[in-house]
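Q: Just to be clear, the model below is a prediction. Sequence and coordinates:
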Amino acid sequence: CKFLLNRKSVIEGQRCALFASLRCALRCGALVLFVTSDASFHSVSFSETDHPKVLITGGLGQLGVGLAKLLRKRFGKNNVILSDIRKPSSNVYHSGPFIYSDILDYKNLREIVVNNRITWLVHYSALLSAVGEANVALARSVNITGLHNILDIAAEHGLRLFVPSTIGAFGPTSPRNPTPDLCVQRPRTIYGVSKVHAELMGEYYHHRYGLDFRCLRYPGIISADSQPGGGTTDYAVQIFHDAIKTGKFECNLKPDTRLPMMYIDDCLRATLEVMEAPADTLSMRTYNINAMSFTPEELAQELQKQMPELEVTYDVDHVRQAIADSWPMNFDDSNARKDWGWKHDYDLPELVQTMLNYFGAETRMARAN
Ligand SMILES: NC(=O)c1ccc[n+]([C@@H]2O[C@H](COP(=O)([O-])OP(=O)(O)OC[C@H]3O[C@@H](n4cnc5c(N)ncnc54)[C@H](O)[C@@H]3O)[C@@H](O)[C@H]2O)c1
């Protein structure tokens, strides 16, 4: 194994390259690596006038397709690559570049980053809270081992890395109403533990190696055109589907379970905004973001203003309820608002109206067809 190193490159800010190169050389056996003297891990490696070249992992879940659409509008269709281990629908496949990528396959990930000259990585692959509790070994592997691969590749190639965290990164001993950015984090799910690990590892790589790591703690995300992936806040999406289809909804959380929530457009815009924020505006690397906070009963009442015939009953799922009872009821996101100007657009009434408009239009289209 041989390294070509310019003397100038062996300075504090570039230890990252050496470290990551060593790790990758160890993984791959004999390998020749070139580390340029201007390698810097405090800034991304594209010129500021260029568009970033973005890779989204786990891109076929609830959030990835919407994010790709937003980023493609801004940076051009071919500059945003969606990836996943699942087969994309024909719509998604024809809407822009898609590539197979298993985040547990380090070599495959590195090939994708190198061959496509990736400069931003949005790491969405994960097993969510309820699914994770049903398969702890897989959640540990995808959410923790997978993250290690992502961190090493991002450090090695000087990428700007976004990893979402969650309200689930807090636990019953955290202050719950509101929950500040910095406080006790002792979650009780493998999902939460893996997300605290991701926050800490990302911040550690930032401070130790200069990795440009950025992280937002998302609340429960509500979307109309994509299905949730097995989280504790899924009920807030399902209620719309069931209300439209059957006029009835059976909720798996108690009526007074208060959780922070956000409409998907706000969540995706926040992600783009924090990725574009100048580094000197970020006083921290992991921020809470929030929009609204409601209970199943309050959401049902808002829906019933427009669908008075809607019937809501409750059949509590004890696993999900225990998770929800340990999570924040409300998020303090004042640091995001102060540092990089975060501002949500959707409160509960706008959220309900937007969701109903979407399903109304969909039903009209189905009838017309
Ligand atoms: N949706 C929410 O309400 C919410 C809230 C907080 C945080 N988040 C975070 O945002 C991210 C995206 O969430 P989502 O709701 O789209 O999740 P999702 O569960 O809908 O999608 C996750 C995707 O990861 C993929 N995946 C699983 N194993 C993989 C592997 N080995 N390699 C590559 N991909 C793999 C799955 O196929 C899936 O498409 C996650 O990290 C999640 O923790 C989501």
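A: Looks like it arrived, so ask away.
Q: Show the pLDDT at Gly210.
A: In this prediction, Gly210 carries a pLDDT score of 98.
Q: what about it, distance to the ligand?
A: 24 Å (Cβ to the nearest ligand atom, to the nearest Å). (Each C-beta comes from the backbone N, C-alpha and C, glycine too.)
Q: number of nearby residues for that residue?
A: Residues near Gly210, counting by other Cβ atoms under 10 Å, number 21.
Q: Tell me the residues of the stretch 151-300 of the chain that contact the ligand?
A: Counting by Cβ under 6 Å from any ligand atom, the stretch 151-300 of the chain comes close to the ligand at Pro164, Thr166, Tyr218, Gly220, Ile221, Pro228, Gly229, Gly231, Thr233.
Q: Among those residues, name the buried ones.
A: The neighbour count (16 or more other Cβ atoms under 10 Å) marks Pro164, Thr166, Tyr218, Gly220, Ile221, Pro228, Gly229, Gly231, Thr233 as buried among those.
Q: So what sits opposite the second one in the bridge?
A: Same thing as Thr166. Tyr218 (DSSP bridges).
Q: show me what contacts it?
A: Counting by Cβ atoms under 8 Å, 6 or more residues apart in numbering, Thr166 touches Ser129, Tyr191, Gly192, Lys195, Arg217, Tyr218.
Q: Can you tell me which of those residues lies closest to the ligand?
A: Among the contacts of Thr166, Tyr218 lies closest to the ligand (Cβ to the nearest ligand atom), at 3.5 Å.
Q: isn't the closest one right up against Asn290?
A: No: in this structure, Tyr218 is not within contact of Asn290 by Cβ atoms under 8 Å, at 9.5 Å.
Q: mind listing the helices for this structure?
A: For the chain, the helices defined by DSSP state H occupy 15-28, 64-75, 90-95, 106-115, 129-134, 136-140, 146-156, 190-209, 235-246, 264-276, 296-304, 318-325, 334-340, 348-368.
Q: any idea how far Arg214 is from the ligand?
A: From Arg214 over to the ligand (counting by Cβ to the nearest ligand atom), the distance is 14 Å.
Q: Look at Ile118 and say how many residues are nearby.
A: Residues lying near Ile118 (other Cβ under 10 Å) number 23.
Q: and it, what does it touch?
A: Counting by Cβ under 8 Å, 6+ apart, Ile118 has contacts Lys53, Val54, Leu55, Ile81, Ile112, His157, Leu159.
Q: how long is stretch 283-290 from one end to the other?
A: 18 Å (Cα to Cα, to the nearest Å).
Q: in the stretch 151-300 of the chain, what spans have low per-residue confidence?
A: Counting by pLDDT under 70, the stretch 151-300 of the chain contains no low-confidence range.
Q: Which residue does it have closest to the ligand?
A: Gly229 (2.2 Å).
Q: Might one say that that residue is in contact with Gln62?
A: Yes: if you go by Cβ under 8 Å, Gly229 and Gln62 touch, sitting 5.4 Å apart.
Q: returning to that earlier point: buried deepest among the helices of the chain, which one?
A: helix 146-156 (a mean of 23; mean count of other Cβ atoms under 10 Å).
Q: Which neighbouring elements make contact with that helix?
A: Using 3 or more Cβ pairs under 8 Å, 6 or more residues apart in numbering; DSSP states H and E, the elements in contact with helix 146-156 are helix 15-28, helix 106-115, strand 120-123, strand 160-162, helix 190-209.
Q: 10 Å instead?
A: Judged by 3 or more Cβ pairs under 10 Å, 6 or more residues apart in numbering; DSSP states H and E, the packing partners of helix 146-156 are helix 15-28, strand 54-57, helix 106-115, strand 120-123, strand 160-162, helix 190-209, strand 212-218.
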